[in-house]
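> Just the structure for this:
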Amino acid sequence: MNMDLRDKPAAVDGRRGGGKVAAQPPKKAEKKPTEDINESAEAFIRRFRQQLLLQRMESIIENNYDQMLKRGAY
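From the prediction side, this is the model:
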């Protein structure tokens with residue numbers, strides 16, 4: 001008896017042939033691009049605010065030092 005592929009029932013995934021369907025491995029949790037962008041933006045904002053704070057403190061210290069020198073106290 002010569003069986004042709006057309007005589008075999010279709011498998012679950014739509015292909016003709018054996019009844020076994022290869023199981024898909026579970027997908028790993030992937031980060032969405034928007035999460036990466038949000039994390040990058042938040043890190044940038046944190047660094048920017050930290051730099052502003054440092055500049056403000058340096059300005060205050062420099063201004064106080066200049067005033068102290070003008071008064072003649074050192």
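> CA only for contacts and neighbour counts going forward, please
OK.
> Going by neighbour count, list what's buried in stretch 37-56.
The neighbour-count check on stretch 37-56 (16 or more other CA atoms under 10 Å) flags nothing as buried.
> what's the distance between P33 and S40?
Distance, P33 to S40, using CA to CA, to the nearest Å: 11 Å.
> Same check on A23?
36 Å.
> go on, E58?
27 Å.
> Sketch out the low-pLDDT regions of the protein for me.
Applying pLDDT under 70 to the chain picks out residues 1-22, 25-26, 28-31, 73-74.
> Now do the helices in it.
For the chain, the helices defined by DSSP state H cover 33-71.
> Just give me the neighbour total for Y65.
Per other CA atoms under 10 Å, the neighbour tally for Y65 reads 14.
> In contact with it, which residues are there?
Contact analysis of Y65 by CA atoms under 8 Å, 6 or more residues apart in numbering lists nothing.
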